[in-house]
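Student: fold the following.
(2 chains, ligands or ions: 2)
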Amino acid sequence: MLSIKNLHAVVEGKEILKGINLEIKPGEIHAIMGPNGSGKSTLANVLAGHEKYEVTEGEITFMGENLLDQAAEDRARNGLFLSFQYPIEIPGVSMVNFLKTAVNEHRKHKGLDPLTASQFLKLMEEKKKVVEISSQLTNRSVNEGFSGGEKKRNEIFQMAMLEPRLSILDETDSGLDIDALRVVANGVNALKRDDNATIVVTHYQRLLDYIIPDHVHVMYNGKIVKSAGKELAYELEEKGYDWIKKELGE
Amino acid sequence: MTEQDKLLEQVTNEDYKFGFVTDIETDIIDIGLNEDVVRLISLKKEEPEWMLDFRLKAYRKWLEMKAPDWAYLKVPPIDYQSISYYAAPKQKKKLNSLDEVDQELLDTFNKLGIPLEEQKHLAGVAVDAVMDSVSVKTTFKEVLAEKGIIFCSFSEAVREFPDLVKKYLGNAVPYADNYFAALNSAVFSDGSFCYIPKGVRCPMELSTYFRINAANTGQFERTLIVADDDSYVSYLEGCTAPMRDENQLHAAVVEIIAMERAEVKYSTVQNWYPGDKNGKGGIYNFVTKRGICRGDYSKISWTQVETGSAITWKYPSCVLMGDHSKGEFYSVALTNHHQQADTGTKMIHIGKNTKSLIVSKGISAGVSNNSYRGLVKVSKRADNARNFSQCDSLLMGSKCGAHTFPYIECANKSAILEHEATTSKISEDQIFYCNQRGIDTEDAVAMIVNGYAKEVLNKLPMEFAVEAQKLLALSLEGSVG
Ligand SMILES: Nc1ncnc2c1ncn2[C@@H]1O[C@H](COP(=O)(O)OP(=O)(O)OP(=O)(O)O)[C@@H](O)[C@H]1O
Ligand SMILES: [Mg+2]
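Tutor: Ligands and ions are numbered 1, 2, ... in the order given. Predicted structure coming up:
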């Protein structure tokens, strides 16, 4: 589904990604862990097509097509979803209007007719239940004045609405209280299918108790330096990153 | 919401959509301005002596006046002698029904989507379509007449209701008020007149569409709205102009009088041709709009969405004479490319316990300049006056300008005046967030801008709000990325 080969990326003249290789198949869940500043969000942004990040080397294919050729909105319409580490506020734009536009853009891309207002509202009610998000939030402007945890929950709600092929959850667990963590994780699991995949970026093993990864990768200084099964997450939780740095001879 | 989505989808790379020229024989007089021209206009319109006197006094005053130069505008010199001051679609005889109206003219109206048809009756809109200065057709006059409401062209009002016109003409905007008002008073071609009798609530939105058609004709509309005691009316004005290279001058006057407990809502969507991307052509729009809250507890509310014109000079104002009277001004002014706008309001508090509210939303893109200029004036005897002003600017790109000029003159210590101002930009991250959800940049900008302007757009009657959203989106095409 997603294939990243020797990816190098630069932001503001500084190389942040220094040769990433990653293969993701349908149905898989991959966790990416790693110290602060190692480049996890940068990878997520590069995949999503943020223009600030310049790819200087390497290839990415997504659903059999060259991802790097596509504008950010086309990547999204092709099924790539990013749950932002820091979701953006858009004052004055209602959640309903925002999501309806987004959903119908996705539908148009698939050659489907736009949803009518009532169909859309029905879909929204259905998906609201999946992530237990209240109407008080969905009736407001996009992320405006949302608490940190509410913003994260809102990201998963949008994911539920858009039904992506590949979801990248960038620290969706940070800022969530215990109950919210469970709700969000259950939401992710409920949306899990054989033909979609998830990348979970996290610092904590805790989330991985709920969302069980097939693979765990450690990112360090712009590279994936270690990949293993879910047991790697426990090891990191216990020992931190120093032993990996040592292994690398640093 | 549904509507907005539809509209956003319609945002394509069209140029000015209303830029077509109707090919109708026009009765047009030679260019130039002198006393004889003023007399000729009056003669062509078969006006009474008092009307001609008003025009001549205004003309003589205008000769002594100078064009204002205090606005934040670069106005190229205007040669008033190169303009024709009267153009009327040629008509052989007076019209009784729509069938008799020139087909080309009807086609034009249809292209504009002007609702002259029966369906609009159901939608509750009466339209007085003014094209190049002469009212072609007024609909639903009969329905309104049952309630005693007068809604007709200005010329007709001068003929049919001379006493009313004489009584109120120039009350809010005297002919000597300013350079452009004086010019208008001398040569005004036509416009609308509206009178709501005591105790009557106008059952429909009154709507007028103005449109400049003939090349090189200045457009000098004059509107007078009088709301008698305890009456209510909501009045809509919309404008479009065909695309031409020469700049065309538009100097309109709108006067509103609200008597005891009367309420007038006046809404405009102004979409005159703004000129091309390089600043060639476009309308010069110098408008004087003023309302007088004459009676106690009266209220006048201006709502404007300004997306057009090369130059806009416009300050819809309220004179709050009656005690407890209230003035409101809601404005969205958008400038793109080389457009310049200097717009705002004046709230003059004279009566006691008067209130005013100002909500101004400026949007600047391209290399345009957008200024808010507002005056809140509290006179000595205006005890307990209150004003709240909110002036926001939204900038797109770094080559445009947004300026705020709030003036306060307060002669009464009991006044409470508040002013808030913000300047914001649409951030790259907001656009990216929308992109990441599958919304392209142009739609994202339209959505964010409409969200920003929502507080004002919500004040417009439904169908106008839809048109306004569409215009904002269309006007910003190509301004990002
Ligand atoms: N727009 C930017 N401008 C300058 N530097 C940037 C920018 N974005 C990222 N960086 C730098 O790139 C490096 C990697 O940042 P990134 O956000 O990808 O880290 P991360 O692994 O997600 O960290 P965290 O765990 O704290 O979220 C950091 O040193 C950061 O300062
Ligand atoms: Mg990060």
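Student: mind checking which residue lies nearest the centre of chain A?
Tutor: Centroid check for chain A by Cα atoms, centre = their mean gives residue A:168 as the closest residue, at 1.9 Å.
Student: what about that one, distance to chain B?
Tutor: 10 Å (Cβ to the nearest Cβ, to the nearest Å). The C-beta positions use only the backbone N, C-alpha and C, and glycine is treated the same way.
Student: now do the same contact list for that residue.
Tutor: Residues near residue A:168 by Cβ atoms under 8 Å, 6 or more residues apart in numbering or on different chains: A:44, A:47-48, A:80-83, A:198-199, A:201.
Student: can you add secondary structure, pLDDT and distance to residue B:345 and give those back as JSON lines?
Tutor: Converted to JSON lines, these look like this (DSSP: H, G, I helix; E, B strand; the rest coil; pLDDT from 0 to 100; distance: Cβ to Cβ, whole Å):
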{"residue": "A:44", "secondary structure": "helix", "pLDDT": "96", "distance to residue B:345": "47"}
{"residue": "A:47", "secondary structure": "helix", "pLDDT": "96", "distance to residue B:345": "49"}
{"residue": "A:48", "secondary structure": "helix", "pLDDT": "96", "distance to residue B:345": "44"}
{"residue": "A:80", "secondary structure": "strand", "pLDDT": "97", "distance to residue B:345": "48"}
{"residue": "A:81", "secondary structure": "strand", "pLDDT": "97", "distance to residue B:345": "46"}
{"residue": "A:82", "secondary structure": "strand", "pLDDT": "97", "distance to residue B:345": "44"}
{"residue": "A:83", "secondary structure": "strand", "pLDDT": "96", "distance to residue B:345": "45"}
{"residue": "A:198", "secondary structure": "strand", "pLDDT": "94", "distance to residue B:345": "54"}
{"residue": "A:199", "secondary structure": "strand", "pLDDT": "95", "distance to residue B:345": "53"}
{"residue": "A:201", "secondary structure": "strand", "pLDDT": "95", "distance to residue B:345": "51"}
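Student: before we move on, the earlier item: what about the residue nearest to the centre of chain A, distance to ligand 2?
Tutor: 11 Å (Cβ to the ion, to the nearest Å).
Student: and that residue, which helix or strand is it part of?
Tutor: For residue A:168, the host element (DSSP states H and E) is strand A:166-170.
Student: and that strand, how far out from the chain's middle?
Tutor: 2 Å (Cα atoms, centre = their mean, to the nearest Å).
Student: quick one: residues in contact with whatever helix or strand comes next after that strand.
Tutor: Downstream of strand A:166-170, the first helix or strand assigned by DSSP H and E is helix A:178-190. Helix A:178-190 is contacted from outside by A:130-132, A:149, A:152-153, A:156-157, A:159-160, A:167, A:169, A:172-173, A:176, A:198, A:206-207, A:210-211, using Cβ under 8 Å, 6+ apart.
Student: in helix A:178-190, what's buried?
Tutor: A:180-181, A:183-188 (16 or more other Cβ atoms under 10 Å in any protein chain shown).
Student: quick one on the thing from earlier: out of the contacts of residue A:168, who's nearest ligand 2?
Tutor: residue A:201 (6.7 Å; Cβ to the ion).
Student: residue A:1 and residue A:194 touch, don't they?
Tutor: No. Residue A:1 is not in contact with residue A:194 according to Cβ atoms under 8 Å; the separation is 11.4 Å.
Student: overlap in contacts, these two.
Tutor: With Cβ under 8 Å, 6+ apart, residue A:1 and residue A:194 have common neighbours residue A:26.
Student: which residues are in contact with whatever helix or strand residue A:22 lives in?
Tutor: If you go by DSSP H and E, residue A:22 is part of strand A:14-24. Here strand A:14-24 makes contact (Cβ under 8 Å, 6+ apart) with A:1-10, A:30, A:39, A:42-43, A:46, A:53, A:56-58, A:166, A:197, A:199, A:217, A:221-224.
Student: out of the residues you listed, which end up buried?
Tutor: A:1-2, A:4, A:7-10, A:30, A:39, A:42-43, A:46, A:53, A:58, A:166, A:197, A:199, A:217, A:221-224.
Student: filter those residues down to just the ones in helices.
Tutor: A:42-43, A:46 (DSSP state H).
Student: would you turn the residues you listed into TSV with distance to residue B:49 and pLDDT?
Tutor: Below are these laid out as TSV (distance: Cβ to Cβ, whole Å; pLDDT from 0 to 100):
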residue	distance to residue B:49	pLDDT
A:42	81	96
A:43	83	96
A:46	79	96
